[in-house]
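Chemist: what's the 3D shape of this:
(4 chains)
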2 protein chains.
Amino acid sequence: MPDDFSLGSVETKIAPTERFAQFLQARGKRLTRQRRVIVEMVFSHHDHFDAEELIDHLRPLIAARQVSRPTIYRTLGELIDARMLRSIMTVSGRSVYEHDYGYPRHDHLHCQTCGRLIEFQCEPIVRLCEQVAREHDFQVAGHRVFVTGTCAACRQKR
Amino acid sequence: MPDDFSLGSVETKIAPTERFAQFLQARGKRLTRQRRVIVEMVFSHHDHFDAEELIDHLRPLIAARQVSRPTIYRTLGELIDARMLRSIMTVSGRSVYEHDYGYPRHDHLHCQTCGRLIEFQCEPIVRLCEQVAREHDFQVAGHRVFVTGTCAACRQKR
DNA sequence: TTAGCTGCAAAGCCTTTGCAATTTA
DNA sequence: TAAATTGCAAAGGCTTTGCAGCTAA
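Modeler: Sure thing, here's the model as predicted:
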């Protein structure tokens, strides 16, 4: 029986909701209607998002008292515990989340003009980070490369 | 007459306070007693710091009504405008600042256990970031590499 | 003199928490 | 049934702002 939800070799083979259900069950927690709705919303987009955007998407349900802000924040935290979401960084004071399930590891180019996050993968950078860490006798848990600047679209608009 | 304070080839040749004075003057702003005290405090340590730590250092002056929290926040913003400080990222919701004047560009290893930031420089990483940006037709303004994990000291304590 | 600056108090913003009522397994 | 979860309202924590008095040039 799988117990370690942080590894899992077949992790991309089951639907996010089901995986979350397994995670919850393993902890004696419950898959409530609210949690189900939130996970489905989160994993129906392959986007980076912050809590406010998620809340926007769920606004009809919030208005209908089907789910609330505190529950959304609590569930985001649980999805991070479940390693299904990562908090990538706070831009202007907000936490930004991205999928950590069924989606490859990557880094970002951040356009300062339009705020867009462009994903990229660069193995050599990852290896260099690991090498630097080794030189400092530092044990790596993860890394984050963030390149800021202006995207092609925004440069053309000027 | 120098007008662009973001470049300046001799920027490390004058004291921070004086450079800030020039920046302020060029904008019709004034070097007040408070601003002077804050810049001197900020540049007397070669540390990363957040507003709270700076406020701690200035506490005697705050108690003596010589300077206030809002003025500290306002001055930090001005030091960023002057390109003398950079806001490197928000860890747990706080802005962390570091010197961008008289101090070389670098990146960080961040120990998740003790919170320490270890600086490093790695030109190849910088060049790879630039290359990735080029591939995406993205104009680079800066980059930030953040490696998270556990430092040697914290691993030994366990 | 007079724009610019300051401190105070209060507001903002995003997020978290206490608690009584509700709901899941 | 009993523990877990929810929504509400309120509190937190950091940062910013409005404003009347103060101050640097």
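Chemist: For chain A, what lies in contact range of DNA strand C?
Modeler: Within reach of DNA strand C by CB under 7 Å from any atom of the strand, chain A has these residues: A:30-33, A:50-52, A:69-70, A:73-74, A:77, A:90, A:93-95. Backbone N, C-alpha and C define where each C-beta goes, glycine included.
Chemist: change it to 10 Å
Modeler: Residues of chain A lying close to DNA strand C by CB under 10 Å from any atom of the strand are A:21, A:24-25, A:28-36, A:50-55, A:65, A:68-74, A:76-77, A:80, A:87, A:90-97.
Chemist: Derive a ChimeraX selection command for the buried subset of those residues.
Modeler: Selection of buried members from the residues of chain A next to DNA strand C for ChimeraX, criterion 16 or more other CB atoms under 10 Å in any protein chain shown:
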select /A:21,24,31,34,35,50,54,55,71,72,76,90,91,95,96,97
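Chemist: So which of the residues of chain A next to DNA strand C are in helices?
Modeler: A:21, A:24-25, A:33-36, A:51-55, A:69-74, A:76-77, A:80 (DSSP state H).
Chemist: among the residues you listed, which are within reach of DNA strand D?
Modeler: Among those, DNA strand D is touched by A:L24, A:Q25, A:R33, A:Q34, A:R35, A:R36, A:R69, A:P70, A:T71, A:I72, A:Y73, A:R74 when using CB under 10 Å from any atom of the strand.
Chemist: residues of stretch A:133-140 that come out buried?
Modeler: A:A133, A:F138, A:Q139, A:V140.
Chemist: Return the member of those residues nearest to A:M41.
Modeler: Checking the buried residues of stretch A:133-140 against A:M41 by CB to CB gives A:V140 as the nearest, at 32.4 Å.
Chemist: Identify the residues contacting the closest one.
Modeler: A:V140 sits next to A:C129, A:E130, A:A133, B:V147, B:T148, B:G149 when contact means CB atoms under 8 Å, 6 or more residues apart in numbering or on different chains.
Chemist: A PyMOL selection for these, restricted to the buried ones, would help me check which they are.
Modeler: With 16+ other CB under 10 Å as the burial test, the buried ones among the contacts of A:V140 are selected in PyMOL as follows:
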select buried, (chain A and resi 129+133) or (chain B and resi 147+148+149)
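Chemist: So which of the contacts of A:V140 sit within helices?
Modeler: A:C129, A:E130, A:A133.
Chemist: Roughly how far does the last one sit from chain B?
Modeler: Going back to what we said before, that points to A:A133. Distance of A:A133 to chain B, given as CB to the nearest CB, to the nearest Å: 6 Å.
Chemist: What does the pLDDT read for that residue?
Modeler: pLDDT, A:A133: 96.
Chemist: for it, what are its contacts?
Modeler: Taking CB under 8 Å, 6+ apart, one finds A:Q139, A:V140, B:L109, B:V147, B:G149 in contact with A:A133.
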